[in-house]
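Student: fold the following, please.
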Amino acid sequence: MIWGYIVLAYLSLFALGISDNSRGPLFPEILKTFAVSDSQGALFFALSSFCGFLASYLVRFLLCRWSRTRIMQGSLILMGLSLLGMGFAKSFFALVLSSSFFGASLGLIGVVQNILVSIGSVPQRRQQMLSGLHATYGIASFLAPLLVAGVSLWGGTWRVVFFIVAAVPLVIFLGFLGWREKKTLSSTDLRRQLTPPLPQSRKEHIGQIFLALSLGFYVLVEAMVATRLPLLMRRQKGMGLEESSYYLTAFFLCMLVGRLLFTVFRFKWPLRHMLSCFLLLSALSMGIGLTGVPAFLSLSGLFMAPFYPLAIVYVSSHYEKTMDSAISYCIALQSIFTVAMHGLVGYLTEVYGISLALWTGPFGLVVSFLLLNSFERLFKKAS
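Tutor: Predicted coordinates:
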């Protein structure tokens, strides 16, 4: 076990989670401050996700020049500065520009942290370590809307939230400023890891993209709930900032519980079967939530929770020798799907209303299920 890799990955994902998921509860306030429509406001998320796509795709080239820890440290600085930029923004253009840099930092961190845990843990503990990694995201996501509600309760504006969360990545950067991965890796291993292999055949290349598509449809749904659930509660149920934040808190609490369960216990069911089950249960829970019982939208987080870390394990098990490339595709495509989601949901919200727009969620989960269960048959992979 390379604990330096694992600790850095866990802390960076905490920073990512608390900063990224603070934006959802603040979205209605941002729309009001800058007097923009739903479709215009979607640029706040969409351009951020697009820059995340570009950054995650470029990671494979950056790894040929710099170590993973150096890329991570640079990403943490970029995240902190871009959050400060959002807090100080005086125009919607300035806000979106800062959000774009923030998205780039998310793309870099998203790739590197999954690789750090995958190569820093022994194979028999990889599933638990990745579940623990994303449980850290669950903790941060759970705290984010509580932070927003707390700042609002004490009379602070949405800008104050951005100033507070900006401190998190900057403190982590300072804590790891002098850390050197040479102390834990031999020069041979370091050289091998700094020049990650590319896919060895066209079929392998296409297979990685195919799996990334399945993961992308899932991430689309998780991002949609995280950013639009407070808006649904405010427009359909007439709730305020604090009360709507609690529904999002409940969603992230369910995600946290689900990921902690898979961190503590190591389940031996076939990975594909577990992934398929969680996708269908998530779709069912969202469907019930959208037909009149909104608490089931929060509960869907319990079923979504294990999917992402298990999916990374699934990808790593099929492409262990080209892990950097496979995970880079996953992060890049999920960013593109998130861009598409924000544009589509923003348009549907403006034309048909938020309730109908969120049916994108169950649809995306079903498509992810179909792609996942086609992969092994199409690419002749064993379970």
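Student: what helix or strand does Ala223 sit in?
Tutor: Using DSSP states H and E, Ala223 sits within helix 202-236.
Student: so where is the protein shaky, pLDDT-wise?
Tutor: 179-200, 382-383 (pLDDT under 70).
Student: 50 - rerun?
Tutor: Scanning the chain with the threshold set as pLDDT under 50 gives 182-199.
Student: contact partners for the nearest residue to Tyr314 once chain neighbours are set aside?
Tutor: Nearest non-adjacent residue to Tyr314, counting by Cβ to Cβ, 6 or more residues apart in numbering: Leu271, 4.8 Å away. Every C-beta, even on glycine, is put in place using the N, C-alpha and C of the backbone. Taking Cβ atoms under 8 Å, 6 or more residues apart in numbering as the criterion, Leu271 is in contact with Leu310, Val313, Tyr314, Ser317, Ser383.
Student: could you redo the last one with a cut-off of 10 Å?
Tutor: By Cβ atoms under 10 Å, 6 or more residues apart in numbering, the contact list for Leu271 reads Gln127, Leu310, Ala311, Val313, Tyr314, Ser317, His318, Leu372, Ser383.
Student: do Phe142 as well
Tutor: Contacts of Phe142 by Cβ under 10 Å, 6+ apart are 17-18, 21, 248-257, 301.
Student: reformat these as TSV; add distance to Ala9.
Tutor: Compiled in TSV, these are given as follows (distance: Cβ to Cβ, whole Å):
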residue	distance to Ala9
Gly17	12
Ile18	15
Asn21	18
Leu248	25
Thr249	25
Ala250	27
Phe251	24
Phe252	20
Leu253	23
Cys254	23
Met255	18
Leu256	17
Val257	21
Gly301	22
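Student: quick check: helices, which of those are part of them?
Tutor: Of those, the ones assigned to helices by DSSP state H are 17-18, 248-257, 301.
Student: just the buried residues of the residues you listed.
Tutor: Neighbour-count burial (16 or more other Cβ atoms under 10 Å) is assigned, among these, to Gly17, Ile18, Leu248, Thr249, Ala250, Phe251, Phe252, Leu253, Cys254, Met255, Leu256, Gly301.
Student: mind checking how far the last one is from Gly87?
Tutor: Right, Gly301. 28 Å (Cβ to Cβ, to the nearest Å).
Student: hmm, Gln236 is touching Tyr247, no?
Tutor: No. Using Cβ atoms under 10 Å, Gln236 is not in contact with Tyr247, being 11.1 Å away.
Student: who touches both of these two?
Tutor: Taking Cβ under 10 Å, 6+ apart as the criterion, Gln236 and Tyr247 both touch Pro294.
Student: show me which of these two is the more surrounded one.
Tutor: A direct count of neighbours by other Cβ atoms under 10 Å for Gln236 and Tyr247 places Tyr247 higher, at 21 against 12.
Student: which residues touch that one?
Tutor: Counted by Cβ under 10 Å, 6+ apart, Tyr247 has contacts 25, 145, 229-230, 232-234, 237, 239, 294-295, 297-298.
Student: mind redoing it with 7 Å?
Tutor: Residues near Tyr247 by Cβ atoms under 7 Å, 6 or more residues apart in numbering: Leu229, Pro230, Met233, Pro294, Ser298.
Student: which residue packs closest to the second one, ignoring adjacent ones?
Tutor: Closest residue to Pro230 in three dimensions, ignoring its sequence neighbours and counting by Cβ to Cβ, 6+ apart: Ser244, at 4.1 Å.
Student: make sure that neighbour is actually in contact with Leu232.
Tutor: No. The pair Ser244 / Leu232 is not scored as a contact, 8.2 Å apart, by Cβ atoms under 7 Å.
Student: so which strand or helix has Gly156?
Tutor: With DSSP H and E as the test, Gly156 turns up in no helix or strand.
Student: give me phi/psi at it?
Tutor: Dihedral pair for Gly156: phi -80, psi 160, per degrees, to the nearest 10.
Student: for burial, what's the neighbour tally of it?
Tutor: Residues near Gly156, counting by other Cβ under 10 Å: 14.
Student: got the residue ranges for the strands in this protein?
Tutor: For the chain, applying DSSP state E gives no strands.
Student: could you dump the buried ones among the ones in helices among the contacts of Phe142 into CSV with distance to Gly216 added?
Tutor: As requested, those are exported to CSV (distance: Cβ to Cβ, whole Å):
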residue, distance to Gly216
Gly17, 19
Ile18, 23
Leu248, 22
Thr249, 26
Ala250, 26
Phe251, 20
Phe252, 21
Leu253, 25
Cys254, 22
Met255, 18
Leu256, 23
Gly301, 19
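Student: rewinding a little: Thr157 versus the residue nearest to Pro230, what's the distance?
Tutor: Taken as Cβ to Cβ, the span from Ser244 to Thr157 is 17 Å.
Student: between those two, who's got more neighbours?
Tutor: Shown here are Ser244 and Thr157; by other Cβ under 10 Å, Ser244 has more neighbours (25 against 14).
Student: residues contacting that one?
Tutor: With Cβ under 7 Å, 6+ apart, Ser244 has these contacts: Pro25, Pro230, Met233, Arg234.
Student: neighbour-wise, give me the winner out of those residues.
Tutor: Most neighbours among these, by other Cβ under 10 Å: Pro25, with 32 neighbours.
Student: hang on, Ala166 packs against Gly85?
Tutor: No. Contact between Ala166 and Gly85 fails when scored by Cβ under 7 Å: they sit 8.9 Å apart.
Student: more neighbours: which of the two?
Tutor: The residue with more neighbours, out of Ala166 and Gly85, is Ala166; 22 against 19, by other Cβ under 10 Å.
Student: report how many residues lie close to Cys64.
Tutor: Quick note: Cys64 (other Cβ under 10 Å) scores 9 neighbours.
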